[in-house]
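> here is my input; please provide its structure:
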Amino acid sequence: MNTLSLCMIVKNEEDVIGRCLECVSDIFDEIIVVDTGSEDKTRDIVKKYTKNLYYFKWIEDFAAARNYAFSKATKDYIMWLDADDIILDKDKEKIKELKINMDKSIDMVMMKYNTSFDSDGNVTFSYYRERIFKRSKKFRWIGEIHEVIPLEGNIIYSDAAISHKKLKNNDPKRNLRIFENMIANGKELDPRQQFYYARELYYNKRYEDAINTFNNFLDSGKGWVENCINACQDLSYCYYAISESKKALNACFRSFEFDEPRAEICCDIGKYFLDREQYNQAIFWYELALTRKINESSGGFILLDCYNFIPYIQLCLCY
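This is a model prediction of the structure:
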């Protein structure tokens, strides 16, 4: 059987850390928690579940903190979670089976990350993330914010899922502040960072700045396909926010430069025409959305309702 370390970084997570550790304590052979400066009861709660509690001074660099946590692991494989993640019983069993049956040649395991749910608990937004890593391969996180481990080696996709269940919102300006400090310190953002910086500008309603940054990202020709498609969609929303609806529509169409139409984009285009009572055009795009197949292994963000519920409801309005 493979052995598995859990590595986490936390700060002021007293509301959720016990819930997380309670539901995963029977999965892992080792639990490592790195605290980056909690001022609440987080550390006391963690101590009930593990003796492997460390301190790392927060330097506005998530990758640095996660790499420090990884450096403390001693088992065959390492898995990461956030404090507000949980693992449902059905997914716990899949992970336990993976520990038993996974071939030792596997370097990395991708798992679904379910991050949004309806009132009945059904998943509405999901994507795959790198989740388990062979420790001997010495994988490293990169990126001060929206950190990632580049995919490499022998990779498998598991149908086990991690559920992200937030109880409170983080500081809405935290991520933007980190990006702008990076820029102020002379750091040149790579394409992935540029994409996420543009999103933070959009989330903070700095629409003109977001539009410029999204366009610079797209014009660079260096972005990952999935990020480019998402950038077109978010760019469209920015144009809507400043009442530039034609440019919003064209931003959706621009996504076709990168891949065939996605259901999410089709639904946005359909809504453009539905809002203008151009029902035949709207019908075309909603019906096209229903023909799109979910490609979970693409690694892109997936809004599941765009592949069934939304187009069906909108078609009712069209007819």
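
> walk me through the domains of the protein.
Structural domains assigned to the chain are 4-164, 191-318, following automatic domain parsing.

> how far does the longest one stretch from one end to the other?
Start-to-end span of domain 4-164 (Cα to Cα, to the nearest Å) is 21 Å.

> also the shortest one?
When the termini of domain 191-318 are compared using Cα to Cα, they are 39 Å apart.

> does I78 count as helix, strand or coil?
I78 falls in the strand class when you classify it by DSSP: H, G, I helix; E, B strand; the rest coil.

> who does it bridge with?
In this structure, I78 has beta-bridge partners S5, F133, where bridges are defined by DSSP bridges.

> from R140, how far off is it?
Between I78 and R140 the computed distance is 12 Å (Cβ to Cβ, to the nearest Å). C-beta: built from backbone N, CA, C; applies to glycine.

> can you check D103 too?
Summarising the geometry, the distance separating D103 from R140, computed by Cβ to Cβ, is 23 Å.

> same deal with G121?
On the measure of Cβ to Cβ, G121 and R140 end up 35 Å apart.

> contacts for the lowest-mean-pLDDT helix or strand in the chain next, please.
Evaluated with mean pLDDT, DSSP states H and E, the helix-and-strand set of the chain has its lowest mean pLDDT in strand 302-303, which scores a mean of 92. By Cβ atoms under 8 Å, 6 or more residues apart in numbering, the surrounding residues in contact with strand 302-303 are T124, F125, S126, Y127, A263, E264, I294, E296.

> setting aside sequence neighbours, what's the nearest residue to the last one?
In other words, E296. Y128 (6.1 Å; Cβ to Cβ, 6 or more residues apart in numbering).

> in a strand, the one you found, correct?
Yes: using three-state DSSP, the assignment for Y128 is a strand.

> let's have the chain start at 51 instead
Got it, first residue is 51 now, which makes that one Y178.

> residues contacting it?
By Cβ under 8 Å, 6+ apart, the residues touching Y178 are M160, M161, K162, Y163, Y207, E346, S347, G349.

> could I get those in CSV, plus columns for pLDDT?
Supplementary listing: the contacts of Y178 in CSV, determined by pLDDT from 0 to 100:
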residue, pLDDT
M160, 97
M161, 97
K162, 95
Y163, 96
Y207, 96
E346, 79
S347, 75
G349, 82
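
> now, of those residues, which are buried?
A residue is treated as buried here by neighbour count (16 or more other Cβ atoms under 10 Å); on that basis the buried members of the contacts of Y178 are M160, M161, K162, Y163, G349.

> reformat these as JSON lines; add distance to F120 and secondary structure.
What follows is the buried ones among the contacts of Y178, written out as JSON lines (distance: Cβ to Cβ, whole Å; DSSP: H, G, I helix; E, B strand; the rest coil):
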{"residue": "M160", "distance to F120": "17", "secondary structure": "strand"}
{"residue": "M161", "distance to F120": "17", "secondary structure": "strand"}
{"residue": "K162", "distance to F120": "22", "secondary structure": "strand"}
{"residue": "Y163", "distance to F120": "19", "secondary structure": "strand"}
{"residue": "G349", "distance to F120": "21", "secondary structure": "coil"}
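
> circling back: now the domains of the chain in JSON lines, with distance to K223?
JSON lines is the format used below for the domains of the chain (distance: least, Cβ to Cβ, whole Å):
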{"stretch": "domain 54-214", "distance to K223": "12"}
{"stretch": "domain 241-368", "distance to K223": "7"}
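
> of the ones you listed, which approaches E230 most closely?
With Cβ to Cβ as the criterion, E230 lies closest to domain 241-368 of those, at 8.4 Å.

> which residues are contacting the strand or helix carrying E72?
Here E72, judged by DSSP states H and E, is contained in helix 67-74. Applying Cβ under 8 Å, 6+ apart, the set of residues contacting helix 67-74 from outside is 56, 58, 60, 81, 83, 92, 95-96, 98-100, 131-137, 142.

> that's a strand at N62, yeah?
No: residue assignment for N62, taken from three-state DSSP, gives coil, which places it outside any strand.

> the helices in the stretch 201-350 of the chain, which residues?
224-234, 241-253, 257-270, 275-291, 295-304, 313-325, 329-341 (DSSP state H, counting those that start in this stretch).

> go through the third one and flag the buried ones.
So the one you mean is helix 257-270. Y257, D259, A260, I261, T263, F264, N265, F267, L268.

> and stretch 72-90, end to end?
So stretch 72-90: terminal residues 19 Å apart, Cα to Cα.

> perfect, I'm done here.
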